Each structure stands twice: as structure tokens, then as C-alpha cells.
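Engineer: The following comprises the amino acid sequence and a computationally predicted model.
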Amino acid sequence: MNGATLASMRMRYFEQVARSQSVRRAAETLNVSASAVNRQILMLENELGVALFERLPRGMRTTEAGNIILSVIRRFDQDYAAAISEIDALRNLRRGHVSVGTLLYLSESFVPDIITRMRKKYPNISYSAFFGTSNEIVNRVIDGRLDIGLCWAPIPSSPITRHKLHRVPLGVAALPGHPIVHKKKLRLRDLVDYPVIFPDRGTDYRNILDQINLGAGRIISPAVETTSMNMMRRLVLSGVGVALVSRPAVINDISSGKMVLRRLDDPGIGALSLCLFTRAERALPVAVQMILQHLSTGFEALVQETPEKHAHNASTRSKKADQ
């Protein structure tokens, strides 16, 4: 067995042990003896001069050095998949697999709609979708578990390639007939007399809202606090109150005319930035490039149209209905 083949085998054994967190389970998957797997792991650790696993009473856990090796293997697998996808594209096979990570509230229609269109156009491409927090999505893209991420912008030093980036202002979602819809400028203090649904403490939204000075003696006590954007929009539609959200969270309700989103005009109010990204310096497979292009188009629809346009249309409809 030559050196390259031996190194490849050791990496394969290492990856399976890391995945299974057990030499015995890895050996069963690889259809070899547990002693053979353990021997190759020990030889690899001896060659590198570091421990790659912590030997625990009930299994194996990768060390910091092991995580580095695992990250390299995953990047190699992605690059290899890119090469295969390029070759398939040349042969007009259009096969591949794409993994996407987005914020939870985009799971209701945004991501399913794009995958539905892509499956009709390219039925041989398969997909996996992960929904979680921005930190989870960024980490999974960086370490190779996800091909594409769409979430609140990572820190500038993150090793990613930003394909789309857009600032998304905070707004107030309300039913079309609500009094706040007709205000020329809407500030947080204007909501004091209404039931307000707040994002939970510790979320990016809430951090921005808590920095707004309402003025002496003015306090808003949330009627409801939640981390679920879907719950917030449902409560608005049920008439419970108004909700502090961004356009992407309620885009379908705005488009259908069920809800109005008014931008907050408080001085110095910040905004979050929605970002579409992939891992830096990665050769993207053809399948990933195609879904990225469709996500880019959908991204523009998520962020470009202004809340004021909907507020004006809703106000006009409401006035006509009263006549």
C-alpha cells in the first residue's frame, strides 16, 4: 500500500470515528475490525504528534486538533463534490446536492418556494435545509456542513464570501385598519397606548429596541414577548396587538394586504443586515451556484420594497372601504 493510499484510508477511518464517536460503531460502518480502526487512529496521532480524540468512558470526542483535521476533510469533500458537479454539468447531467441554512421564519414559504421551483427545473438535484440562529448558520457554513447561509450578517472578520448584503430597518406590523397606519412618522413612543408584541430579550431586534429613549415617564410593557417571529405575526393577524418585526418576517402578509408594516423613525435607531453568503475561497459546485442565483433573486424581493408603500396602499384601501 503506497503512502497516498494509506493516508486516504487513515483519513477515512478518522472521519468515521469522529462521526460515530465510537471506534466500534465506525468499524461496523467501515466493515473492518475495531482493532484495525484503532491502530490506524493511533498511527495517525503518532505521525502528527498530537491526540486527535479524547477517550471517554462511553465513546470518543475530537480534540481541538481533531476538529482541525475534521474541518480539512469536510472542505476536501466539498471541493471534490464541486469537481464532480462541474464534470456532470459538462455532460448535462445537472446532478448534485445543496445544503442551505436560513433563519427559522424563512422556513414557512421563502425557502420551500425556491426549492419547489428548483426541483421542477432540476429534478436530479437534492436538498437539505437547516433552520436556526445566525451563529449556528455561520458556523455550519464555515466548517463545511452547509453550502449556503442566509441570516443576519456575520462579523466582518468571518471567513465567508458575501453575495448579498442589505440593511433591514425595524418596523411595526399592524392590521390595515389600525390607527398607527395613518401616522406620518411612527416612533416607538407612539405605541404606548396599544398592546405591543416584543421580540424576546437577548435577540438582535430587542437589543436595538432597548436602546431607544422613549422620553421621561414613557414605558411600554410588552403584551407578549417571544423568540418566534411566526407567533408574532399570527398574534397580529388575530388582533392581539402590533408587533415589532422586520419586513422579511411578514412579507407574505404584506403582499396579500392582510398586514401593514410601518418603519420606525426614532432618531438613531439601528438596523440589522441580512446576508447571503458561502464559505470564503471555496469553488462552488454547479448545483450550489444555481440555487445561489435563485436565492439572490428571492433575496431582492425580501428586502427591496419599502414598508411605506404598503402603508399608503393599505391606508387608501381603508379609506375607500369607509366611504
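Structural biologist: Received, thanks.

Engineer: which SSE is residue 198 in?
Structural biologist: strand 196-199 (DSSP states H and E).

Engineer: Could you pull up the mean pLDDT of that strand?
Structural biologist: Averaging pLDDT along strand 196-199 gives 92.

Engineer: before we move on, what about stretch 96-113?
Structural biologist: Stretch 96-113 comes out at a mean pLDDT of 88.

Engineer: list the buried ones in that stretch?
Structural biologist: For stretch 96-113, burial by neighbour count (16 or more other Cβ atoms under 10 Å) applies to 96, 98, 99, 100, 101, 102, 103, 105, 106, 110, 111. Every C-beta, even on glycine, is put in place using the N, C-alpha and C of the backbone.

Engineer: got it, and stretch 178-190?
Structural biologist: 178, 180, 181, 186, 187, 188, 190.

Engineer: Return the set of buried residues in stretch 187-204.
Structural biologist: Result for stretch 187-204 [16+ other Cβ under 10 Å]: buried residues 187, 188, 190, 191, 195, 196, 197, 198, 199, 203.

Engineer: Using PDB, write out the CA atom coordinates for it.
Structural biologist: Written as PDB, here are the backbone C-alpha positions of stretch 187-204 (Å, rounded to 0.1, in the frame of the first residue of the first chain):
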ATOM      1  CA  ARG A 187     -41.900  56.300  16.700                       C
ATOM      2  CA  LEU A 188     -41.700  53.700  19.400                       C
ATOM      3  CA  ARG A 189     -43.300  56.100  22.000                       C
ATOM      4  CA  ASP A 190     -46.500  56.200  19.700                       C
ATOM      5  CA  LEU A 191     -47.200  52.600  20.700                       C
ATOM      6  CA  VAL A 192     -47.500  53.300  24.500                       C
ATOM      7  CA  ASP A 193     -51.300  53.100  24.400                       C
ATOM      8  CA  TYR A 194     -51.500  49.900  22.400                       C
ATOM      9  CA  PRO A 195     -50.800  46.200  23.200                       C
ATOM     10  CA  VAL A 196     -47.300  45.500  21.700                       C
ATOM     11  CA  ILE A 197     -45.700  42.100  20.900                       C
ATOM     12  CA  PHE A 198     -42.000  42.300  21.500                       C
ATOM     13  CA  PRO A 199     -39.100  40.100  20.400                       C
ATOM     14  CA  ASP A 200     -37.600  38.400  23.500                       C
ATOM     15  CA  ARG A 201     -34.700  39.800  25.500                       C
ATOM     16  CA  GLY A 202     -31.300  38.900  24.100                       C
ATOM     17  CA  THR A 203     -32.400  38.800  20.400                       C
ATOM     18  CA  ASP A 204     -30.800  41.200  17.900                       C
END
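
Engineer: ok, and what's touching that stretch?
Structural biologist: Defining contact as Cβ atoms under 8 Å, 6 or more residues apart in numbering, one finds that stretch 187-204 is touched by 134, 152, 172, 178, 180, 183, 205-206, 209-210, 212, 214-215, 218-220, 222-227, 229, 232, 235-236, 240-245, 264-266, 272.

Engineer: just the buried members of the residues you listed?
Structural biologist: Taking 16+ other Cβ under 10 Å as the criterion, what is buried in those is 134, 152, 172, 178, 180, 205-206, 209, 212, 220, 222, 226, 229, 232, 235-236, 241-245, 264, 266, 272.

Engineer: so how far is residue 34 from the residue nearest the centre of the chain?
Structural biologist: Centroid-nearest residue in the chain, with Cα atoms, centre = their mean: residue 102, separated by 2.3 Å. Distance of residue 102 to residue 34, computed by Cβ to Cβ, to the nearest Å: 40 Å.

Engineer: How about residue 194?
Structural biologist: To residue 34, residue 194 is 65 Å away according to Cβ to Cβ.

Engineer: same check, this time on residue 96
Structural biologist: Separation of residue 96 from residue 34 (Cβ to Cβ): 35 Å.

Engineer: Check residue 20 too.
Structural biologist: From residue 20 across to residue 34, the span is 11 Å (Cβ to Cβ).

Engineer: Identify each buried residue in the longest strand anywhere in the chain, please.
Structural biologist: Ordering each strand of the chain by length in residues (DSSP state E) puts strand 160-174 first. For strand 160-174, burial by neighbour count (16+ other Cβ under 10 Å) applies to 160, 163, 164, 166, 168, 169, 170, 171, 172, 173, 174.
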